[in-house]
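# Following is a predicted model, sequence given first.
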Amino acid sequence: MSHLKLENITKCFGSLVALDNINLEVHDQEFMVVLGPTGAGKTTTLRCAAGLEKPDEGLVHMDREVINRVSPPERDMAFVFQNYALYPRKTVYQNIAFPLEARKFTKAQKDEAIQRITQLLRIDHLQDRLPRQLSGGEQQRVALARAMVRQPRLFLMDEPLTNLDFKLRSQMRGELKRIQRELAATFFYVTNDQLEALSLGDRIAVLDHGELQQTGPPQEVYENPANLFVAGFIGSTRMNFMDCSYDPDSQTIVGRDGVWRLSPKEGAGQAIVANGNTEHLVFGIRPEDIAISTTDEGDLAGKVYVAEPLGDRIVYDIQVGQDMIKIKTSPTTMLGIGKQIKLKVNIDRAHIFDKNSTKAIQA
Amino acid sequence: MAEVKIKNLSKRFNLDSPLAVDGVNLDIADGEFLVLLGPSGCGKTTTLRCIAGLETQTEGEIYIGDQLVNGLPAGERDIAFVFQFYALYPHLSAYDNVAFPLRAQNLQKDEVDQRVQQVAKLLRIEKILKRRPTGLPSGEQQRIALGRAIIRRPQVFLMDEPLTNLDAALRTDMRVELKHLQADMATTMIYVTHDQTEALSMAHRIAIMNLGVLQQVGTPLEVYNHPATLFVAGFIGTPPMNLINCHLNGSNSLSDESGAFTISISEIQNLKSKIQNPNAPLMFGVRSEDISVDTAEGAGEVRGEVIVREPLGDETIYEVEIGQNIIRVKTEPTLILNTGDNVGLNFAHDRIHIFDAESQKAIKF
Amino acid sequence: MTTNTQITRTSNLPKIIHYAKEFLFWFVLIATFLFSIFPLYWMFITSLKPRTDVEMTPPTFMPFVDYQPTLDNYVDVFLKDRAGAGFAEADQEATRKISEFPTTLTNSVIITTVTTILAVLMGTLAAYAFSRFQIKGEADMRFFILSTRMLPPVVVLIPVFLMFNQPGELVNNALQNIPISFIQAFGESIKDFSLRNSYIGITLLYITFGLPFVVWMMKGFFDEIPKEYEEAAMMDGYSRLEAIWKIVLPEAFPAMLATSVFVVITAWNEFVFVLLLNRDNATTVPPFLFSILGYGQVEWGRTAATSVLFLIPIIVFTFLARNHLLRGVTFGAVRR
């Protein structure tokens, strides 16, 4: 069993509050991803779990036992560092054997364990090399092998794929998920890449400025972001945000300077009124939820600003009043720069945020 | 403003090292946005630095306009270079950084001021002109670096991965800005990047390099839809194109070694006529969005087992194992499959690619 | 037209510039080399000159051509006393007054070795702590340590002399004020203790001089070693001390060696303090060298020979450490 629980964790570095009252659980055999921008406190969270950092306040539990005072070697966790931290003077074999030596494995046991893990990660042909003789991807695998050669209670991973190039990264994503399932291991994984978080995580915890923003399965976080930060951070083409207000009389959402009006989805109007702030709102809609109108009718009118072909799709930047929004279209849609077009909005998938509290207003 | 011509450009750094740039020929039209794309170490930056005059080529000729610029020092080529690390002068204010190239030209103070203000407005840095670059957010430093490049109104802009150090959101914004800016000024731009998304979204044409050799030059849609080599096919697109080792088999189909992956091809005769050796190793390529999933029992051209599910929000990618091969399929986020499910796959036959595995070249059929 | 002029420019002019640059580069390089090596060369050939040739004006520089080299000066180093008088074999009284050079050289070796080992070890540990742990007032402490290097050592000459002269007596005076008999007795017993003319005293002093430098250098090196190395080792199941011993020290070794070269050279060359403090016992080579200059007519040949012998250990040590030295010094540049 491996069940990690962080309870009311607060950690300060000098006057900087790195973590502010974090509550987080990682369940047995779960792939838990902490997602956030640089400086959000993700790595500090991981280091508190590892014991490399002592929280100023709060408790770290492992299987119902408080482990605040347990030293890192005794916590029986494995840590994969962003820069891999391979021992530069040791060969690949010696690097992977190092954690086993601390546990007094015999030579035969060592060889067997290393053979198994290097085959799983396809690095068995590299055993005699030194880290500097390896490519980034190979170093990454050695770091994983060193963590996985024993069966720790918990794997802690600090942006392990960040230093790989784009292609290798997408390959390793699939591989990591497969390995996690094969080993039935518990992963506590930190990244700043929302794509990694969505694709790897059983659950995602979004962190910003040391505060937990939202926790949930990938699809839930994507479809029902709890606040403006989560909405803007998750999604490969950022959600479009437009300042707006709500007019209770006509029951419509009104864009800046009144350039557009939309009827919100069922119940949203009442929720906005109940929230008490009808003036300072943000209308959020993902690029894939806007379509180009084929007729003269449309919810929004705008002008094509820039076209970005991405191969399997084209993203257009459209100027709507003072706002710039992005829409995703099929790769065959060709619009000239400056062309006036009408857009249709899938209102059921639109989000309304309170601009003051930044929180989503749930209908 | 000028066109740029590169003829047989080669560069070797040391006598015993391989060619960093190997016989590159490239014509860049006046006002064109050309992106040099490739992995690190492919020679793209070296090519750019040769054009700039920061490196001297071992062989070949470079023309800017109709002037041969071999041996002409960088300062006399009338080009502007934006570095990956903005290389702003830390002791000068943003204003002085932007004005710096003009100082060398002994312009009137009024004119300098007028041009700095004009550029600042274009790049939206009017408010930070008095500040020093250190301590400014990276996006603004980048704008200052761009301002310094733009202000001289050079014949050609050269940019070396200028967006690499920005965070993802800012990078997307700056992509749009840069593209718009270039269209506005209609100045020739040669832009180096390793990021295929950047290349696809900004370029008029993309020149893809690998190991010093130019692989393909074409519009974004051309290189995406008709990759000329295996390298291009694998480098462009998210996720990378599925590539499967296979060969022609007796009937009208292609199959892999084990036969687990077998697909019949309607234009097989056409394909056969393009291949000299019928046993030649081939590579079958198909993009993940050109595959559809059929969950009905026994359906699909090939069948396999779902091994990994990667939800990405607006789409979901499944890895499907077929024999020894793993195929990635892009689906709607609403399609939910579980690992272990046995599913059928259908391919969009007008969008499949066949490559000669030995020469690495695409076979057009 | 433009094209033509361009081609002329590219083909001729840069070539001349190229050769000129190449020439200038080698000229400066060789000139600098000769300039720095010449004093050493002069010293070396002087040590091989017969007495008659040493003081010739203008001086001669080519052994075998200008004069026949001889090892007489080296024999003199071991067989003459300070004043330069030789010993007749039969003279029993004089044989006891054999040259002080072997003794001072041994002293130099002992003092320098102990100083270097202790200073580097202690300094390395302190530097590690400064690099890795959050220490209250760290910046002030580091500045304080560094500041001891900022003032010329000679300014502390007199306090150090007084301190070293009779520390036992000072302690005794203090202890006698305590009306407890065994403490007073202890005071009596150390009354005559002095740090002058002792190995311990001068070694302590050299360590004091060497430590700031070691701490300062090694802190820089440790900052370059990612802390993730030890953390990885700790996650792998080792204590911090084990992690330092197994991972960090092997990494830091070249740096330690590079640092120790500087400590060795400082201790080996130190003159003023040892001249003042260790006049009678535990004297090192530099004061000895000075002393043979001081009597009557200077014997340049013998002086040069002594200097050459004094140089040899340093050259050997630096030569053995040269690979590490280079790696250590360029450490920061190579790492990333």
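Received the coordinates, thanks.
# domain assignment for chain C?
Structural domains annotated on chain C: C:2-94, C:100-329, as defined by automatic domain parsing.
# Quick check: phi and psi on C:Leu146?
For C:Leu146, the backbone dihedrals are phi -70, psi -40 (criterion: degrees, to the nearest 10).
# Now for it: which residues touch it?
Applying C-beta atoms under 8 Å, 6 or more residues apart in numbering or on different chains, one finds that C:Leu146 lies in contact with C:212, C:216. Just so you know, the C-beta spots here come from the backbone N, C-alpha and C atoms, and that holds for glycine as well.
# From C:Phe213, how far off is it?
When distances are taken as C-beta to C-beta, to the nearest Å, C:Leu146 and C:Phe213 turn out to be 9 Å apart.
# helix or strand for C:Ile17, which one?
For C:Ile17, the host element (DSSP states H and E) is helix C:13-47.
# The closest residue to chain C within the stretch 151-300 of chain B: neighbouring residues, count only.
When scored by C-beta to the nearest C-beta, the stretch 151-300 of chain B has B:Gln155 as its residue closest to chain C, at 14.6 Å. B:Gln155 has 19 neighbours, counted by other C-beta atoms under 10 Å in any protein chain shown.
# I'd say it and B:Asp66 touch.
No - B:Gln155 is beyond contact range of B:Asp66, at 11.5 Å (criterion: C-beta atoms under 8 Å).
# can you list the weak-confidence ranges in the chain?
Chain wasn't specified; assuming chain A. Residues of chain A that meet the criterion pLDDT under 70 are absent altogether.
# if you could check chain B rather than the one you did, that'd help
By pLDDT under 70, the weakly predicted segments of chain B are B:1, B:251.
# starting at the chain centroid, how far to stretch B:131-143?
A distance of 27 Å separates the C-alpha centroid of stretch B:131-143 from that of its chain, computed with C-alpha atoms, centre = their mean, to the nearest Å.
# which residues sit against the host helix or strand of A:Ala197?
A:Ala197 is located in helix A:194-200, with elements delineated by DSSP H and E. Residues external to helix A:194-200 that are found in contact with it (C-beta under 8 Å, 6+ apart): A:31, A:33, A:35, A:161, A:169, A:173, A:176-177, A:189, A:191, A:204, A:218, A:221-222, A:233-236, B:310-313, B:317.
# These: which ones sit near chain C?
Applying C-beta under 8 Å from any C-beta of the partner chain to those, one finds that nothing falls near chain C.
# Take those and keep only those in helices.
When those are checked against helices using DSSP state H, the ones located there are A:169, A:173, A:176-177, A:218, A:221-222, A:233.
# Intersect those with the contacts of chain B.
Among the ones in helices among the contacts of helix A:194-200, the residues lying close to chain B (C-beta under 8 Å from any C-beta) are A:173, A:177, A:218, A:222.
# farthest pair in those?
Comparing every pair within those by C-beta to C-beta identifies A:Lys177 and A:Tyr222 as the most remote, at 17.5 Å.
# Tally up the residues packed near A:Arg132, please.
The burial count assigned to A:Arg132 is 8, neighbours taken as other C-beta under 10 Å.
# Skipping adjacent residues, who's closest to it in space?
The spatial neighbour of A:Arg132 that comes closest, neighbours along the chain excluded (C-beta to C-beta, 6 or more residues apart in numbering or on different chains), is A:Pro88 at 6.6 Å.
# what do you get for A:Glu101?
The shortest distance from A:Glu101 to any residue that is not its chain neighbour, by C-beta to C-beta, 6+ apart, is 7.6 Å, and that residue is A:Lys110.
# quick one: the helices in the stretch 1-150 of chain C?
Applying DSSP state H, counting those that start in this stretch to the stretch 1-150 of chain C gives helices spanning C:2-11, C:13-47, C:51-54, C:72-79, C:92-95, C:101-132, C:138-150.
# Confidence-wise, which of the ones you listed is weakest overall?
Per-segment mean pLDDT for those reaches its minimum on helix C:2-11, at a mean of 42.
# before we move on, the earlier item: roughly how far is the helix holding C:Ile17 from the heart of the chain?
When distances are taken as C-alpha atoms, centre = their mean, helix C:13-47 is centred 27 Å away from the chain's centroid.
# Over to stretch A:98-105?
In this view, stretch A:98-105 has its centroid 34 Å away from the chain centroid, taken as C-alpha atoms, centre = their mean.
# Repeat that for stretch B:294-305.
When C-alpha coordinates are averaged (C-alpha atoms, centre = their mean), stretch B:294-305 and its chain have centres 35 Å apart.
# Next, the buried residues of that stretch.
Residues of stretch B:294-305 classed as buried: B:300-304 (neighbour count, 16 or more other C-beta atoms under 10 Å in any protein chain shown).
# out of these, which are inside strands?
Counting by DSSP state E, the part of the buried residues of stretch B:294-305 found in strands is B:302-304.
# Among the helices of the stretch 1-150 of chain C, show me which one is buried the most.
Mean neighbour counts were taken over the helices of the stretch 1-150 of chain C using mean count of other C-beta atoms under 10 Å in any protein chain shown, and the top value, a mean of 20, falls to helix C:101-132.
# Report the angle between it and helix C:72-79.
Computed with axes from the mean of the first three to the mean of the last three C-alpha atoms, to 10 degrees, the direction of helix C:101-132 lies at 90 degrees from that of helix C:72-79.
# What about the residue nearest to C:Met217 when sequence neighbours are not counted, how many residues nearby?
Sequence neighbours aside, C:Thr259 is the residue nearest to C:Met217 in space, at 4.7 Å (criterion: C-beta to C-beta, 6+ apart). C:Thr259 has 29 neighbouring residues, counting by other C-beta under 10 Å.
# how close does the closest residue to A:His280 other than its chain neighbours get to A:Asn277?
In space, and not counting its chain neighbours, A:His280 is closest to A:Lys355: 4.0 Å by C-beta to C-beta, 6+ apart. Shown here: A:Lys355 relative to A:Asn277, a distance of 8 Å by C-beta to C-beta.
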